[in-house]
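Peer 1: sharing a model prediction with you, sequence too.
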Amino acid sequence: MSAFVSMRFKFSRLASSTLMVAGMLSATQFANAGQTVNQLSECLVKSTTAADKTTVLQWTFTALAQHPELKAFSNVTPEQKTALDKNLAQTLQRILTEQCSTQAQAVIKAEGLQAVGESFQELGSITGEEILKTPEIKQQLNGVVKYIDLNKLVVTFLTPDLWNKLGVVRGE
């Protein structure tokens, strides 16, 4: 029984991680970024306030809500969307031109303007992690997990080697 409880907890963390990665990844992976991109990323993370993260979160939700398959789930008005666009633009401009201008200039010089966007991946990842830590989101994720047939997943994917990595020793 304790192995099942441990499995459910580990799967819940896996589901949370998978959802975060799916929502936050973009075309270029952060791990492949150059040193100047990493330095700008660190500056962005350190310079971003809780209010800034809220701005990014709200804008991201609104942007995702524009997808044809998601529009029915959102009541964002055009006025709200415009206000969020302006708020995000001001936030990004302030961070890039006031708080991280030296690092942004180094990225542009070393790797080009497009590399500045790569620096925002770390900020997006951290914002995503913070989103998943809120009780309401955890509750929603747990709601999904309770409908997944964990036995079917275990039988399908867990080899003895994987069981051993999870801390449940099984023979070959």
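Peer 2: The structure has been received and is ready for your questions.

Peer 1: center of the chain, which residue is that?
Peer 2: The centroid of the chain falls nearest to G128 when counting by CA atoms, centre = their mean (3.2 Å).

Peer 1: what kind of secondary structure is that one in?
Peer 2: Going by DSSP: H, G, I helix; E, B strand; the rest coil, the secondary structure assigned to G128 is helix.

Peer 1: which parts of stretch 104-121 are buried?
Peer 2: Applying a neighbour-count criterion of 16 or more other CB atoms under 10 Å, one finds A104, A106, V107, E111, A115, V116, E118, S119, F120, Q121 buried in stretch 104-121. Just so you know, the C-beta spots here come from the backbone N, C-alpha and C atoms, and that holds for glycine as well.

Peer 1: thought the last one was touching L44?
Peer 2: I take that to be Q121. No. Counting by CB atoms under 8 Å, Q121 sits too far from L44 to count as a contact (9.7 Å).

Peer 1: pLDDT, distance to Y147 and secondary structure added to the buried residues of stretch 104-121, as CSV?
Peer 2: Rendered in CSV, the data for these read as follows (pLDDT from 0 to 100; distance: CB to CB, whole Å; DSSP: H, G, I helix; E, B strand; the rest coil):
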residue, pLDDT, distance to Y147, secondary structure
A104, 93, 45, helix
A106, 93, 48, helix
V107, 92, 44, helix
E111, 89, 44, helix
A115, 87, 42, helix
V116, 87, 41, helix
E118, 83, 37, helix
S119, 83, 38, helix
F120, 82, 34, helix
Q121, 82, 31, helix
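
Peer 1: which one of the residues you listed sits closest to T82?
Peer 2: Out of the buried residues of stretch 104-121, the one with the shortest distance to T82 is F120. That distance is 21.5 Å, counting by CB to CB.

Peer 1: tell me who's in contact with the closest residue in space to the closest one that isn't next to it in sequence.
Peer 2: By the measure of CB to CB, 6 or more residues apart in numbering, the closest residue to F120 outside its immediate chain neighbours is L44, 6.6 Å from it. Each residue near L44 by CB atoms under 8 Å, 6 or more residues apart in numbering is listed here: I95, C100, S119, F120, E122, L123.

Peer 1: now for the helix or strand in which L84 is found, which elements pack on it?
Peer 2: Taking DSSP states H and E as the definition, one finds L84 inside helix 78-94. In terms of contacts (3 or more CB pairs under 8 Å, 6 or more residues apart in numbering; DSSP states H and E), helix 78-94 is packed against helix 50-65.
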